[in-house]
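1. Next comes the sequence, and after it the predicted model I'd like to discuss.
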Amino acid sequence: MPSPSGASAAATAAADLLAPTPSARAATPSRQAALNPLARARARFARWWEARLPLADTLTLTQRNVYILPTGAGWMLAGTLLVLLVASINFQLNLGYLLTFLLAGSAVAGMHVCHATLRGITLHLKAPEPHFLGGSTAFEVQLFSDRRTPRHAIALSVHGHGTSRHDGAMTDVPAQGSASVQVAFQPTRRGLHRVPTLVAETRFPLGTFRVWSYWRPAAQVLVYPAPEVPPPPLPPGEPRASGTGSASIQGIGEFDGVRAYRRGDPLKLVVWKKAAKSLATGTDDLVSRDAQQAQRHELWLDLAHAALPDHEARIARLTAWVLQADRLGIDYGLRLPALELAPDTGAAHRQRCLEALALC
């Protein structure tokens, strides 16, 4: 016959085996939500509703696209007013009638003020700038008002909830003036994305009503791939088709075509990035670009040179190489399976390379 301690240990082990794992417990609510027919119906209705919204980078809020409903505080106020009215009728309290109708009138006036705060606003989205994956993409939205009184507590945010982090912003719009806000959205993958649906809302002045409107901008934002960290050394240069001989790598971890600094070298040939590192380490070693070697060799950033098994990891390495070559001021070309960009330098060439990496 087993001892009591042994029986309790066996029971504990059996309970541990039967208990769901943390991942299973975490997945249960999402699984139940996916199986819930009401949740699926709401998701389908939300997609259908968003598809009906017109695509426009400028939107004027009118009576047709502004909605209003009571908030939780508004429903609580309505219940309180109902109790006050019943008590006043039951006990024939004149002051109770006065308080009830005074509060009801204030709530009705607040409803009209809340709706008028958002109605008549014009929203304009500025063209979003490209961003790197992993950081928040900020959209600048301008709000214009032609009313003679200011508008208070207008909030703009990304509609919906997902795995990305969405940040909203709140602002006041002066009388017959404009205001600008930044709305952040963090995409989960590289490429060309449509700006997500935005929500403009306010609960001014009493917080008893929520007035909101949906806005579906037509603009798109380009998300560059995130560069590999730390950046790897640049690949060796390839001999030019018309070049003679070959130059060896100097063992400095950069693209061949640099040498030790010689007195009289132009300042534009000095690799200032390495000069800063030398000063930080307490040395005064300077290197210059070797124009003769650069004439015999050219730097090609090829997807085949990024010896990594994952495709996205290779794209990240090429992105790091593009940024590193651009900082050094080296002419570089980009080879992708369906695209080849000739060696060049400058901000325009860097932008073309990053766009190609984002869309490949």
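-> The structure has been received and is ready for your questions. Residues are numbered from 1 along each chain as shown.
2. what's the neighbour count on Met154?
-> No Met there; residue 154 is Ile. Ile154: 24 surrounding residues under other Cβ atoms under 10 Å. C-beta coordinates here come from the backbone N, C-alpha and C atoms, glycine included.
3. To clarify, my last question referred to Ala325.
-> By other Cβ under 10 Å, the burial measure for Ala325, its neighbour count, is 24.
4. Am I right that it is in a helix?
-> Yes: secondary structure of Ala325 (DSSP: H, G, I helix; E, B strand; the rest coil): part of a helix.
5. Please report the distance of it from Glu340.
-> 16 Å (Cβ to Cβ, to the nearest Å).
6. Likewise for Tyr332?
-> Separation of Tyr332 from Glu340 (Cβ to Cβ): 12 Å.
7. counting contacts, what elements does the helix or strand hosting Leu192 pack onto?
-> Element membership for Leu192 (DSSP states H and E) is strand 191-194. Helices and strands touching strand 191-194, by 3 or more Cβ pairs under 8 Å, 6 or more residues apart in numbering; DSSP states H and E, are strand 220-224, helix 347-359.
8. any chance of these in TSV, plus mean pLDDT and mean neighbour count?
-> Shown next, in TSV, are the helices and strands packed on strand 191-194 (pLDDT from 0 to 100; neighbours: other Cβ atoms under 10 Å):
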stretch	mean pLDDT	mean neighbour count
strand 220-224	95	19
helix 347-359	95	17
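9. Now do the contacts for Pro343.
-> Neighbour list for Pro343: Glu298, Leu299, Trp300, Asp331, Tyr332, Gly333 [criterion: Cβ atoms under 8 Å, 6 or more residues apart in numbering].
10. quick one: least confident of these?
-> Within the set of the contacts of Pro343, pLDDT is lowest for Glu298 (82).
11. And for that residue, the neighbour number?
-> Neighbour number of Glu298 under other Cβ under 10 Å is 20.
12. Equivalent analysis for Ala116, please.
-> For Ala116, the neighbour count with other Cβ under 10 Å is 15.
13. host element of it?
-> Judged by DSSP H and E, Ala116 forms part of helix 94-118.
14. which regions of the stretch 101-250 of the chain sit below the pLDDT cut-off?
-> For the stretch 101-250 of the chain, the stretches with pLDDT under 70 are 161-167, 240-250.
15. My reading is that Thr80 lies in a helix. Confirm?
-> Yes: remark: Thr80 belongs to a helix, assigned using three-state DSSP.
16. Spatially nearest residue to it (excluding sequence neighbours)?
-> In this structure, Thr80 finds its nearest non-sequential neighbour in Leu103, 7.8 Å apart by Cβ to Cβ, 6 or more residues apart in numbering.
17. Roughly how far does the one you found sit from Leu82?
-> For Leu103, the distance to Leu82 (Cβ to Cβ) stands at 11 Å.
18. And Leu198, by the same measure?
-> On the measure of Cβ to Cβ, Leu198 and Leu82 end up 36 Å apart.
19. Ok, Val183 next?
-> Distance from Val183 to Leu82, by Cβ to Cβ: 39 Å.
20. Of those two, which one has the most company?
-> Val183 (23 against 11).
21. who does that one bridge with?
-> Phe139 (DSSP bridges).
22. Thought His159 was touching it, still the case?
-> No: using Cβ atoms under 8 Å as the test, Val183 is too far from His159 to be in contact (10.8 Å).
23. For the two, list the residues in contact with both.
-> Contact criterion Cβ under 8 Å, 6+ apart; residues shared by Val183 and His159: Leu198.
24. Leu192 contacts Tyr224, doesn't it?
-> No: with contact defined as Cβ under 8 Å, Leu192 does not reach Tyr224; the gap is 10.9 Å.
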